[in-house]
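S.K.: Build me a structure from this.
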Amino acid sequence: MNSGLAPPTNGSTEVYAVRLLKRRRLDGGTFEFTLSRPDGFSFRAGQRIRFEHPTGERDYSLVNGPAAAELQVCVRIVQDGQFTPRLARAAIHSRFDISGPHGYFIFQPATRPAVFVASGTGIAPFVAMARSGVRGFRLLHGARTADGLYYQAELRAAAAGYVACLSKAAAAAAAPPDAFAGRVTAYLAAHLAPGAYDFYLCGRSEMIRDVTLLVDRRFPASLVYSEIFF
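M.R.: Numbers count the residues shown, from 1 in each chain. Alright, predicted model coming up:
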């Protein structure tokens, strides 16, 4: 297995002022926030913005494509967190300071088939890639229940293959009819044909570790690109 890293793009420490324009609940604890887009702010699908605030910094991948007039992020609210509760309670038109774009998790066209693997809000950069015109990928969308399958309809439309992998057995009744009952690693081990792929992994560190080890054993000629979401 080889570990892939996209070349640096547009790394910037400039701080921009943005306004909160909209807030949309995706499930019980996750929201999509729409922000104004500063003049001159450019990025590539898959990159992140960084909220700069007095208690620290928080990075979130953009959900929108690079041509969009506004910026959007998908955020899971941590109830005892230092930043996300403030973002969840903020009044519309509240100001926030951001920097960016940050990160190198961007799509690299190749002859090998692309396999996207996401868990939780790690789906965000793949939505941005789909909205920027990336097509033909296979996507494993991991969540505990069907409520966590954010942006499912448009991802299905863009993907050559979409598999919802639901880890919580009690969610089976609400699951899509073609859902896989189990984690993304179990699906890869049982259903992905041998071969060389470009794997793009985004989610919690445990998922990325487990999938990377599986790729090392079963798909050794593949490339792996990864982005950890906390």
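
S.K.: In this protein, spot the strand with the most residues.
M.R.: Longest strand in the chain by number of residues (criterion: DSSP state E): strand 15-25.

S.K.: in its sheet, what does it sit against?
M.R.: Next to strand 15-25 in the sheet, as set by DSSP bridges, lie strand 30-36 (antiparallel), strand 95-102 (antiparallel).

S.K.: now for the ones you listed, which one comes closest to residue 121?
M.R.: strand 30-36 (6.3 Å; Cβ to Cβ). Where you see a C-beta, it was placed from the backbone N, CA and C, and this is true even at glycine.

S.K.: Tell me which helix or strand comes right after the closest one.
M.R.: Using DSSP states H and E, the helix or strand that follows strand 30-36 in sequence is strand 48-53.

S.K.: got the angle between that next one and strand 95-102?
M.R.: Taking axes from the mean of the first three to the mean of the last three Cα atoms, to 10 degrees, one finds strand 48-53 and strand 95-102 inclined to each other by 140 degrees.

S.K.: For the longest strand of the chain, which residues meet the burial criterion?
M.R.: Residues of strand 15-25 classed as buried by neighbour count (16 or more other Cβ atoms under 10 Å): 16, 18, 20-21, 23.

S.K.: before we move on, the earlier item: mind giving me CSV with the strands paired with strand 15-25 and columns for mean neighbour count and distance to residue 162?
M.R.: Formatted as CSV, the strands paired with strand 15-25 follow (neighbours: other Cβ atoms under 10 Å; distance: least, Cβ to Cβ, whole Å):
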stretch, mean neighbour count, distance to residue 162
strand 30-36, 19, 19
strand 95-102, 19, 27
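
S.K.: Go through the buried residues of strand 15-25 and name the one nearest residue 43.
M.R.: Proximity of the buried residues of strand 15-25 to residue 43 (Cβ to Cβ) peaks at residue 16, which lies at 11.5 Å.

S.K.: quick one: that closest one and residue 96 touch, right?
M.R.: No - using Cβ atoms under 8 Å, residue 16 makes no contact with residue 96, being 9.4 Å away.

S.K.: Mind giving me the packing neighbours of the longest helix anywhere in the chain?
M.R.: Counting residues, the longest helix in the chain under DSSP state H turns out to be helix 205-218. Packing partners of helix 205-218 (3 or more Cβ pairs under 8 Å, 6 or more residues apart in numbering; DSSP states H and E): strand 114-119, helix 184-191, strand 198-203, strand 223-228.

S.K.: quick one: strands adjacent to the last one?
M.R.: In this case it means strand 223-228. In the sheet, strand 223-228 lines up with strand 2-3 (parallel), strand 198-203 (parallel) (DSSP bridges).

S.K.: Least confident of those strands, on average?
M.R.: Ranked by mean pLDDT, these end with strand 2-3 at the bottom, a mean of 32.

S.K.: pretty sure residue 153 is in a helix, no?
M.R.: Yes - assigned with DSSP: H, G, I helix; E, B strand; the rest coil, residue 153 falls within a helix.

S.K.: Begin at 746 from now on, thanks
M.R.: Understood, numbering begins at 746; the last thing we discussed is residue 898.

S.K.: Tell me, how many residues neighbour it?
M.R.: Neighbours of residue 898 under the rule other Cβ atoms under 10 Å: 8.

S.K.: Show me how the record splits this protein into domains.
M.R.: Using automatic domain parsing, the domains assigned to the chain come out as 760-847, 853-973.
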